[in-house]
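Colleague: Structure, please.
(one chain, ligands or ions: 1)
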Amino acid sequence: MRASTAFRRLAALAAGAWREAAGLLFPADCACCGAEDTALCAGCGQALRAAAAKPFRAEAAAPVLVEPDGRVLLVAVAAGHYRAELARAVLAYKNHGRGDLAPVLAGCLAGALAAALGPGDAGGMVLVPVPASGRSFRRRGFDPVLDLLRELARTDGLPRGCRVQPVLRYRARRPFAGRAQKGLGRARRRLNVRGTLRVRASWTQRLAGVPCVVVDDVLTTGATAAEAARALRQAGAVVAGAVVLAAAGAAPRPGIQGQARGSTEGAGGGGKI
Ligand SMILES: [Zn+2]
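Modeller: Model prediction:
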């Protein structure tokens with residue numbers, strides 16, 4: 001391990017320990033409404049669970065995942081829409097040190113995974129989290145998506161026949177590093193992140209024919225999920241789709257939602273991928 005890597009990990013560990021200690025020293029207020037001395041008040045907890053109660057197919061609102069002719073490049077299932085309590089909880093968990101929200105958000109993710117994979121044994125499906133980039137890992141001191149999946153693994157909350165493998169990582173040199181996605185067209189968004197992820201060296205020879213699902217927190221343009229799928233497929237993995245906590249795209253109008261549901265049923269029912 002290079003000294004810089006060791007130092008980064010040490011700094012991240014220290015940041016994680018501080019988060020935990022701070023949580024004990026200063027009892028948190030509700031992450032959604034600010035009600036005092038409760039990590040998530042009863043009303044917001046209920047609203048959060050309701051927001052994630054009906055996972056849905058979300059790729060239609062992620063421009064990079066659908067060709068202009070409507071062909072779906074990567075199926076995505078979301079636990080809920082990125083708004084209100086769900087958005088506030090995800091932000092508080094990722095950016096404001098609210099690791100205490102991991103169990104409730106992991107529960108939301110579990111619902112989406114179950115909807116995506118359907119009942120029964122998932123047949124050795126590998127859940128691959130989109131990794132935190134080196135910069136955000138250093139800033140936050142943890143890996144948000146991996147930690148949610150680990151929480152589910154620890155509490156026996158993963159769909160049967162699944163396992164979690166963090167096989168992806170960001171390349172040290174990112175060809176388009178730092179360029180914001182906002183304001184870019186669909187093709188540029190895909191190019192903007194292309195080549196930024198790679199399969200860990202220890203896994204490149206072990207993914208041929210392995211069924212995988214990409215897991216991420218928020219689906220926006222779909223560029224990151226598509227890049228994760230590209231890197232996995234390049235190593236020979238069979239990517240079934242993506243599962244996310246929240247979809248940031250505009251909520252479909254009722255008529256469109258009806259159509260989407262109809263096409264989803266053709267693909268296996270519910271939010272199945
Ligand atoms: Zn509240």
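Colleague: Name the nearest residue to the residue nearest the centre of the chain, ignoring sequence neighbours.
Modeller: In the chain, the residue lying closest to the centroid (Cα atoms, centre = their mean) is residue 216, at 1.3 Å. Residue nearest to residue 216 in three dimensions, not counting chain neighbours: residue 130, with 4.2 Å by Cβ to Cβ, 6 or more residues apart in numbering. For glycine as for every other residue, the C-beta is placed from the backbone atoms N, C-alpha and C.
Colleague: All the helices of the stretch 1-150 of the chain, in order from the start?
Modeller: For the stretch 1-150 of the chain, the helices defined by DSSP state H, counting those that start in this stretch cover 3-25, 42-51, 84-95, 102-117, 134-140, 144-154.
Colleague: For the ion, which of the ones you listed is the nearest?
Modeller: Taking Cβ to the ion, helix 42-51 is the member of those nearest to the ion, at 3.2 Å.
Colleague: Report the mean confidence score over that closest one.
Modeller: Confidence for helix 42-51, expressed as mean pLDDT, is 96.
Colleague: same deal with stretch 75-90?
Modeller: Mean pLDDT, stretch 75-90: 97.
Colleague: do that stretch and the ion meet?
Modeller: No. On the criterion Cβ under 5 Å from the ion, stretch 75-90 is out of touch with the ion, staying 7.8 Å away.
Colleague: Can you give me the buried ones in that stretch?
Modeller: 75-82, 85-90 (16 or more other Cβ atoms under 10 Å).
Colleague: do stretch 145-161 as well
Modeller: Neighbour counts over stretch 145-161 (16+ other Cβ under 10 Å) mark 145-152, 157-159 as buried.
Colleague: Can you tell me what sits against that stretch?
Modeller: For stretch 145-161, contacts defined as Cβ atoms under 8 Å, 6 or more residues apart in numbering pick out 99, 102-103, 105-107, 109-110, 113-114, 117, 120-125, 127, 129-132, 163-164, 166, 215-217, 245.
Colleague: Look at it and report the distance between its end residues.
Modeller: Stretch 145-161 has its terminal residues 19 Å apart, counting by Cα to Cα, to the nearest Å.
Colleague: Likewise for stretch 162-172?
Modeller: 29 Å.
Colleague: one step back: and the ion, which of the buried residues of stretch 145-161 contact it?
Modeller: Answer for those near the ion: none qualify (Cβ under 5 Å from the ion).
Colleague: List the contacts of stretch 63-74.
Modeller: Outside stretch 63-74, the residues that touch it by Cβ under 8 Å, 6+ apart are 59-60, 75-76, 186, 189-190, 214, 221-223, 225-226, 229, 239, 241-242.
Colleague: Please list the members of those that lie in strands.
Modeller: 76, 214, 239, 241-242 (DSSP state E).
Colleague: mind checking which helix or strand the residue in the stretch 151-273 of the chain positioned nearest to the ion is in?
Modeller: Using Cβ to the ion, residue 246 is the residue of the stretch 151-273 of the chain that sits closest to the ion, at 17.7 Å. Secondary-structure assignment from DSSP states H and E places residue 246 in strand 238-247.
Colleague: Next, count neighbours for residue 111.
Modeller: When neighbours are counted by other Cβ atoms under 10 Å, residue 111 registers 21.
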